[in-house]
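Asks: Sequence and predicted structure are below.
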Amino acid sequence: QVQLVESGGGLVQAGDSLRLSCAASGRTFSAYAMGWFRQAPGKEREFVATITRSGSITSYADSVKGRFTIYRDNAKNTVYLQMTSLKPEDTAVYYCAASGLSMKTMSAYYDYWGQGTQVTVSS
């Protein structure tokens, strides 16, 4: 089992930056690829970013490419999502997730999920 706890969400203005953190406990953090997903009201959960076990390779949704950065610190059992140039359409609950497979963009491939953290971007 892996327990994931997100933090860092909040209310910001368009153009602002925010960093989300996801702290893991339980099984070896470095054994899992990690991903960030988000879900806006009335919409399905969507892929945001993913990172390999070592952190050497990342992948992003087109909607956030160039604005968001995913990275991890395996010594701290934490994965981060640095978000810049935030837009109102980035408003959602953000979830981190752990997968035994790398570079997966579909939520079905992720075995463990956090409870989510709300990000609200005002215009």
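Replies: Sure thing, it's come through. Numbers count the residues shown, from 1 in each chain.
Asks: now L101, nearest residue through space, not along the chain?
Replies: Y109 (5.4 Å; CB to CB, 6 or more residues apart in numbering). To be clear about C-beta, it is placed using only N, CA and C from the backbone, and glycine gets the same treatment.
Asks: cool, D16 as well?
Replies: Counting by CB to CB, 6+ apart, D16 lies nearest to L86, which is 5.4 Å off, once chain neighbours are set aside.
Asks: What separation do you get for the closest residue to S85 other than its chain neighbours and R27?
Replies: Using CB to CB, 6+ apart and skipping the chain neighbours, the partner closest in space to S85 is R67 (4.8 Å). Computed as CB to CB, to the nearest Å, the R67 to R27 distance reads 31 Å.
Asks: What values do phi and psi take at N77?
Replies: Note on N77: its backbone torsions stand at phi 50, psi 40 [degrees, to the nearest 10].
Asks: do you know how far it is from L4?
Replies: Distance, N77 to L4, using CB to CB: 10 Å.
Asks: So which of those two has more stuff around it?
Replies: L4 (23 against 17; other CB atoms under 10 Å).
Asks: Looks to me like that one is in a helix.
Replies: No. Looking at L4 with DSSP: H, G, I helix; E, B strand; the rest coil, it is strand, so not inside a helix.
Asks: got the contact list for the nearest residue to G15 once chain neighbours are set aside?
Replies: Nearest residue to G15 in three dimensions, chain neighbours excluded: S85, at 6.1 Å (CB to CB, 6+ apart). For S85, the contact set (CB atoms under 8 Å, 6 or more residues apart in numbering) comprises G15, S17, R67.
Asks: Kind regards, and thank you for your time.
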